[in-house]
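Need a 3D model of the sequence below.
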Amino acid sequence: MRELRKSDAEDLRKNINDRKVIRFMTHVKYPFSKKDALKLIEGKKLTRAAKTEFAFGIALKSTNKIIGGIDLHHIDLKNKNSELGYWLGKKYWNKGIMTEAVKLAVDFGFRKLKLHRVYANLFHKNIASKKILEKIGFTLEGNMREKRWRENQWHNVLNFGILGKEYKKRK
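Next up, the predicted model:
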C-alpha cells in the first residue's frame, strides 16, 4: 500500500474501468476515464491533508503499479472510528491481495490513527468482500434493507465492524 501519485492515473483507470469492479461501488461511474482518475487522486490528496480520509493505492510488489485502492474515510477522531472502503482490479481477484491490504489498513487505523472501531458497509451481494471481513474478524452488525439504488435495482447494505481489542486478539 502506498499513496497515490498523478503518474498512477492510467493504471488506476485500467483497473477500475470494469463494470464488474465498480458494480458494488457507490461513488464511481462507468466508464471511468483518465481524467476521472486524476480527479480522484487529487481529491484523495486533499482529504489526506485535512485528515478526514487516508487513501492508499494497492500496488503490485513486483512492479509498484496500482491495481486497487483502499481507504479509511469518514474519520471521526472524537469518537475514534472510521469507515473502510476498498476495490481491486478484476484480474487480481482471489489471490489474497485484498485480505492482506485490509489487514494493513485496519492495522493502520488502530495503531497510527488510534481508532477504537473500524466499520465497513457493503452490498449484500458482495460475497467476496463479506468473506474478507469475516476472515479478519469483523462482525456483522446490521442489514439496511434497500438502502442503495444501483444498476436499476435496490440493494441491501450490510454493516460490519471490528473493535481495536477484537483485532488485537486475532493478530
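
Report all helices and strands that the lowest-mean-pLDDT helix or strand in the chain contacts.
Across the helices and strands of the chain, mean confidence by mean pLDDT, DSSP states H and E is lowest for helix 164-170: a mean of 90. Contacting helix 164-170 under the criterion 3 or more C-beta pairs under 8 Å, 6 or more residues apart in numbering; DSSP states H and E are the following elements: helix 97-111. C-betas here are computed from N, CA, C, even on glycine.

What is the distance between the helix it packs on and the centre of its chain?
Remark: helix 97-111 is offset 10 Å from the chain centroid, using C-alpha atoms, centre = their mean, to the nearest Å.

would you list every one of the helices in the chain?
Counting by DSSP state H, the chain has helices at residues 9-16, 19-22, 34-49, 97-111, 127-136, 164-170.

Report all helices and strands that the second one contacts.
I take that to be helix 19-22. The contact analysis (3+ C-beta pairs under 8 Å, 6+ apart) places helix 19-22 against strand 81-88.

And G161, how far from E83?
10 Å (C-beta to C-beta, to the nearest Å).

Which neighbours do those two have in common?
In terms of C-beta atoms under 8 Å, 6 or more residues apart in numbering, G161 and E83 are both contacted by the residues V118, Y119, A120.

what pairs with the last one across the strands?
The one in question is A120. A120 forms beta bridges with F160, as assigned by DSSP bridges.

Next, count neighbours for it.
Neighbour count for A120, taken as other C-beta atoms under 10 Å: 23.

cool, and the second one?
Applying the criterion other C-beta under 10 Å, we find 18 residues in the vicinity of Y119.

okay, it: pLDDT?
The model reports Y119 with a pLDDT of 98.

and the gap between the residue of the chain most remote from its centre and M25?
What lies farthest from the middle of the chain is N152; by C-alpha atoms, centre = their mean that is 23.3 Å. According to C-beta to C-beta, N152 and M25 sit 16 Å apart.
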